[in-house]
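*Asks:* Based on what follows, work out the 3D shape:
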Amino acid sequence: MLARLDHLPSDTGKVQLLIDLSHYYWYVGKAGNLDTCLDLAQRAYELGVLLHDNTDAAEAVFILITGLVAQLHGACTIENDGGVAITIHFRPRRKVIS
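*Replies:* Presented below is the predicted three-dimensional model:
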């Protein structure tokens, strides 16, 4: 299915589909699908900027930030209040006792 994305017209509908698929790959399994999630979000951002679709481009950036933070710091949750506030909650890492 992802291979078919390249054949879709480059419009705001495609940007929204890329965002929806990115969300899907995030929720299906962050560990196994994070690279696909980030790739789709990056493509949504680039197309959103090209089409001057600021709302969807901003949503794609939010997904990218969420994914990159998850990669760098392990498990976390990120909340967006629908406006400009973003809250990041990090779970403390467990100490390994040897």
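*Asks:* distance of D56 from Q71?
*Replies:* 23 Å (Cβ to Cβ, to the nearest Å). All C-beta spots, glycine's among them, are computed from the backbone N, C-alpha and C.
*Asks:* neighbour count winner among those two?
*Replies:* Using other Cβ atoms under 10 Å as the criterion, D56 and Q71 rank with D56 on top: 20 against 12.
*Asks:* That one touches G13, doesn't it?
*Replies:* No - between D56 and G13 there is no contact under Cβ atoms under 8 Å: 10.2 Å.
*Asks:* so how far is L8 from the closest residue to S10 other than its chain neighbours?
*Replies:* Residue nearest to S10 in three dimensions, not counting chain neighbours: L47, with 6.0 Å by Cβ to Cβ, 6 or more residues apart in numbering. As judged by Cβ to Cβ, L47 and L8 stand 10 Å apart.
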